[in-house]
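In: need a structure here:
(2 chains)
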Amino acid sequence: MSHFAIPSLSLRAIAVWRRNFLVWRKLAIPSMLGNLADPMIYMFGLGYGLGGMLPAVNGLPYIAFLAAGTLCASTMNAATFEALYSAFSRMHVQKTWEALLNAPLSLDDVVAGEWLWAASKSMLSGTAILVVITALGFVHSPLALWVLPIVFLTGLAFAAMGLIVNALAPSYDFFMYYFTLVITPMMLLSGVFFPLDQLPAAVRGLAHILPLSHAVALVRPLVNGEAPANVLLHLGVLAGVAVGAFWIALGLTRRRLLR
Amino acid sequence: MNAPLRVDSLRKSFGDTEVVAGLSFELRRGECFGLLGPNGAGKTTTLRCCLGLTGADSGAISLVGEPVPERAREARMKVGVVPQFDNLDPDFTVAENLLVYARYFGLRDAEVRARIPELLEFAGLVGRDNASLRSLSGGMKRRLTLVRALVNDPELLVLDEPTTGLDPQARHLIWERLKRLIAGGKTILLTTHFMDEAERLCDRLAVMDAGKIIAIGSPRELIAAHIEPQVVEIFGEDAPGWAARHAALFSQRSEVSGETVFCYLHDARPLLAHLDAQQGLRYMHRPANLEDVFLKLTGRELRD
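Out: Sure, this is the predicted structure:
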């Protein structure tokens, strides 16, 4: 049970973050393009293609409605990919973590560094999309700057959830289950593509416990220049998922590696 | 002065299997100490316990003066580790690998940059600062891993099977570098299952089997204490038959392995005279070595 002892966090996690940042910097341009291209294709494809056939959604052109959802979904995806595939490469394939652990870093430092890094990378993704949708004229007030810390918190929540899966994964193939069973339903049921009140009542209850729906509930009004409702509830859920999932991820990773 | 590493009554089990079963040993400053054992003897688990990477069930460890696991992180500040499998960063250049690793120890970039030429000289990688890892051979990577473990100028260098998988040229170069470090006063702990490596490098060594130390001493002492000084190896189809009839007459101890007979003895002359008169048997006469000791102590069965 001692694997689930309180995380002991330290600034040494920053060394891990810096290592990952240095690798990213070498591949920054293709990585940024990759991060932007996919959500943009969805946003323009669905936004104009499907949106052309739709009346206003919640009083907005469909593409403006979709923009905030895309921002949140792409934050989730960026954090998830980093915490699954990239972290798994470093932990299991390249044995980068083993090198870190032979240096004066603890496993807690390493996992915390990966957590912060994945959240940072997702923030980059979210920020890039915010810049693009601002340039397209979908952002209506400086309130939208509040989106940035929310994106980081959303990144922390999904990075931590991803690290749980990472700690349990025997191989890359395992991640498909997580995408199919968690990430894809999350994207469809969190108000990214359509308002939650379109869902049958039973499913709507489920949607309200999904962390992505709380991110969307905060980000969409901010992008449209309105103050969101129930701010503390939404922030509390995201923060609770971030901290709780990180704790579990760390415990499972300790169980996996410290034997 | 504290011993660089002291292990006292260490025990560690995985499930019902006791992998380390009451291990005690101590390193002296400036020596090269070898931990030998067949696969599964508990060498790697012992190292992981010593570095604080896994908790022991019982026993005490002091690494460079720090209690482990309580202050393992502080201890690792003063230890360099060369892992069994290279875990260099494939996305970084040679110099970046050293620089980034040094950051994990809290060393300043400027300080490390100043030492990189010296480290690369030691690694035989002069002028390769900006080379990508993909352009390095296996031996070069191993040497880079070795100098990466030296970035913090450690009091103790721990090497887990440092030459496994290298060709003879690359192995000899690693040995030469390790001898330079030993001559410079570094304390080294290494695990290996190459007996020639242990015999060349180690001042003292411990033979482990089933989680216990079954012999400890210098290579010469171990050979003198555990085995007859001469070995005659006899080969050929008739060798096992010959052994059944004659081996006991000429040797103190003999073993048959396939079509080879190993005769261990104090005086080989009568046996050699006898063999010269036999048809169909080839033989080789040599002094006993560490491998003979190892096989005597741990047996000839495969350990998979």
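
In: Can you give the contact residues for stretch A:250-259?
Out: By Cβ atoms under 8 Å, 6 or more residues apart in numbering or on different chains, the residues outside stretch A:250-259 that reach it are A:3-4, A:7, A:91, A:97, A:101, A:107-108, A:111-112, A:163-164, A:166-168, B:14, B:53-55. Bear in mind the C-beta positions are built from the backbone N, C-alpha and C, glycine included.

In: buried residues in that stretch?
Out: Neighbour-count burial for stretch A:250-259, counted by 16 or more other Cβ atoms under 10 Å in any protein chain shown, picks out A:250-254, A:256-258.

In: can you pull the contacts of B:Val19?
Out: B:Val19 touches B:12-13, B:42, B:45, B:211, counting by Cβ under 8 Å, 6+ apart.

In: residues of the strand or helix carrying it that come out buried?
Out: Taking DSSP states H and E as the definition, B:Val19 sits inside strand B:17-26. Buried residues in strand B:17-26, counted by 16+ other Cβ under 10 Å: B:18-21, B:23, B:25.

In: and it, how far from the chain's centre?
Out: Distance of strand B:17-26 from its chain centroid, counting by Cα atoms, centre = their mean, to the nearest Å, is 17 Å.

In: How about stretch A:146-154?
Out: Stretch A:146-154 has its C-alpha centroid displaced from the chain centroid by 10 Å (Cα atoms, centre = their mean).

In: All the helices of the chain, in order from the start?
Out: You didn't pick a chain, so chain A it is. A:13-26, A:28-44, A:62-81, A:87-88, A:96-102, A:107-135, A:147-168, A:175-178, A:184-189, A:201-209, A:211-223, A:231-257 (DSSP state H).

In: could you do chain B instead?
Out: Using DSSP H, helices in chain B cover B:43-50, B:72-76, B:94-104, B:109-123, B:138-148, B:168-183, B:195-201, B:219-226, B:239-242, B:248-250, B:269-276, B:290-298.

In: coming back round to it: just give me the closest of the buried residues of stretch A:250-259 to A:Trp24.
Out: Proximity of those to A:Trp24 (Cβ to Cβ) peaks at A:Thr253, which lies at 21.7 Å.

In: roughly how far apart are that closest one and B:Val100?
Out: Remark: distance between A:Thr253 and B:Val100 (Cβ to Cβ, to the nearest Å) = 22 Å.

In: State the mean pLDDT of the strand holding B:Val19.
Out: Strand B:17-26 shows a mean pLDDT of 94.

In: Likewise for stretch B:46-57?
Out: Mean predicted lDDT for stretch B:46-57 stands at 95.

In: got the buried residues for stretch A:193-205?
Out: Using 16+ other Cβ under 10 Å as the test for burial, stretch A:193-205 gives A:193-194, A:196, A:199.

In: Distance to chain B and pLDDT for those residues - can I get that in TSV?
Out: TSV is the format used below for the buried residues of stretch A:193-205 (distance: Cβ to the nearest Cβ, whole Å; pLDDT from 0 to 100):
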residue	distance to chain B	pLDDT
A:Phe193	36	94
A:Phe194	41	93
A:Leu196	42	91
A:Leu199	43	90
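
In: need the contact list for residue 3.
Out: Because you didn't say which chain, this covers chain A. Counting by Cβ under 8 Å, 6+ apart, A:His3 has contacts A:251-252, A:254-255, A:258.

In: Chain B, not that one
Out: B:26-29, B:62.

In: swap the cut-off to 10 Å and go again
Out: Going by Cβ atoms under 10 Å, 6 or more residues apart in numbering or on different chains, B:Ala3 touches B:25-29, B:62-65, B:156, B:187.

In: Same check on B:Leu166?
Out: B:137-139, B:141-143, B:172-174.

In: repeat for B:Leu271
Out: Taking Cβ under 10 Å, 6+ apart, one finds B:230, B:232, B:234, B:246-247, B:249-251, B:263, B:265, B:283, B:285 in contact with B:Leu271.

In: thinking again about what came up before, any idea which of the helices of chain A is most buried?
Out: helix A:62-81 (a mean of 27; mean count of other Cβ atoms under 10 Å in any protein chain shown).

In: Also compute the angle for it relative to helix A:147-168, please.
Out: 40 degrees (axes from the mean of the first three to the mean of the last three Cα atoms, to 10 degrees).

In: Could you confirm whether helix A:62-81 reaches chain B?
Out: No. Helix A:62-81 lies apart from chain B when judged by Cβ under 10 Å from any Cβ of the partner chain; the minimum separation is 16.8 Å.

In: angle of that helix against helix A:107-135?
Out: 160 degrees.

In: Who are the packing partners of helix A:62-81?
Out: Counting contacts by 3 or more Cβ pairs under 10 Å, 6 or more residues apart in numbering or on different chains; DSSP states H and E, helix A:62-81 packs against helix A:28-44, helix A:107-135, helix A:147-168, helix A:175-178, helix A:184-189, helix A:211-223.

In: Near chain B, which residues of the stretch 51-200 of chain A are found?
Out: Close to chain B, as judged by Cβ under 10 Å from any Cβ, the stretch 51-200 of chain A has residues A:89-90, A:93-107, A:109-110.

In: and the residue nearest the centre of chain A, what does it touch?
Out: In chain A, the C-alpha nearest the mean C-alpha coordinate belongs to A:Met76, at 2.7 Å (Cα atoms, centre = their mean). Neighbouring residues of A:Met76 by Cβ under 10 Å, 6+ apart: A:122, A:125-126, A:151, A:154-155, A:157-159, A:161-162, A:183, A:186-187, A:190, A:192, A:211-212, A:215-216.

In: And for B:Arg303?
Out: Contacts of B:Arg303 by Cβ under 10 Å, 6+ apart are B:37-41, B:193, B:209-210.

In: rerun at 8 Å
Out: With Cβ under 8 Å, 6+ apart, B:Arg303 has these contacts: B:38-41.

In: same deal with B:Pro38?
Out: B:193, B:209, B:298, B:303 are the contacts of B:Pro38 under Cβ under 8 Å, 6+ apart.

In: are any of these buried, and which?
Out: B:193, B:209, B:298.

In: Surely A:Gln132 and A:Leu36 touch.
Out: Heads up, residue A:132 is Val, not Gln. Yes. Using Cβ atoms under 8 Å, A:Val132 makes contact with A:Leu36 at a distance of 7.0 Å.

In: Skipping its backbone neighbours, what lies nearest the closest residue to chain A within the stretch 101-250 of chain B in space?
Out: In the stretch 101-250 of chain B, the residue that lies nearest chain A is B:Tyr104 (3.6 Å; Cβ to the nearest Cβ). Excluding its sequence neighbours, the residue lying closest to B:Tyr104 (Cβ to Cβ, 6 or more residues apart in numbering or on different chains) is A:Ala103, at 3.6 Å.
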